[in-house]
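Visitor: A structural model of the following input is requested.
(one chain, ligands or ions: 1)
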Amino acid sequence: MSTPLHQQQNLRTMIQCPTCQQPTLWQDNPHRPFCSDRCRLLDLGCWADEEYRVPAEDGGITPESLENFE
Ligand SMILES: [Zn+2]
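Guide: Numbering: from 1, shown residues only. Purely as a prediction, here's the structure:
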């Protein structure tokens with residue numbers, strides 16, 4: 001009986017936090033792929049507040065006008 005013991009789980013995987021670019025440990029990290037909950041929220045906040053801004057005010061684009069556009 002041979003039981004090969006691969007102790008790969010002892011290896012630590014380092015990743016890079018997408019928000020602050022800091023090296024972060026993958027294991028034991030509940031906020032992965034981010035380094036912390038703050039960075040996770042920052043990433044989501046950036047998405048909601050700045051990146052994902054819909055220019056609907058001066059363009060006059062409303063769901064109604066999109067329906068008529070067919
Ligand atoms: Zn971070």
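
Visitor: ok, residue 19 - contacts?
Guide: Each residue near residue 19 by CB atoms under 8 Å, 6 or more residues apart in numbering is listed here: 34-35, 39-40, 42-43. No exception for glycine: its C-beta is placed from N, CA and C like everyone else's.

Visitor: that one - that's part of a helix, no?
Guide: No - counting by DSSP: H, G, I helix; E, B strand; the rest coil, residue 19 is not part of a helix but coil.

Visitor: what comes up buried for the helix or strand harbouring residue 40?
Guide: Per DSSP states H and E, residue 40 falls inside helix 37-46. Buried positions in helix 37-46, judged by neighbour count with 16 or more other CB atoms under 10 Å: 39-40, 42-43.

Visitor: and that helix, what does it pack onto?
Guide: Here helix 37-46 touches no other helix or strand, going by 3 or more CB pairs under 8 Å, 6 or more residues apart in numbering; DSSP states H and E.

Visitor: quick one on the thing from earlier: which of the buried residues of helix 37-46 come close to the ion?
Guide: Restricting the buried residues of helix 37-46 to those within reach of the ion (CB under 5 Å from the ion) leaves residue 39.

Visitor: residue numbers of the chain in contact with the ion?
Guide: 17, 19-20, 35, 39.

Visitor: apply 8 Å and report the result again.
Guide: The chain has residues 17-22, 24, 34-36, 38-39, 42 near the ion, with proximity defined as CB under 8 Å from the ion.
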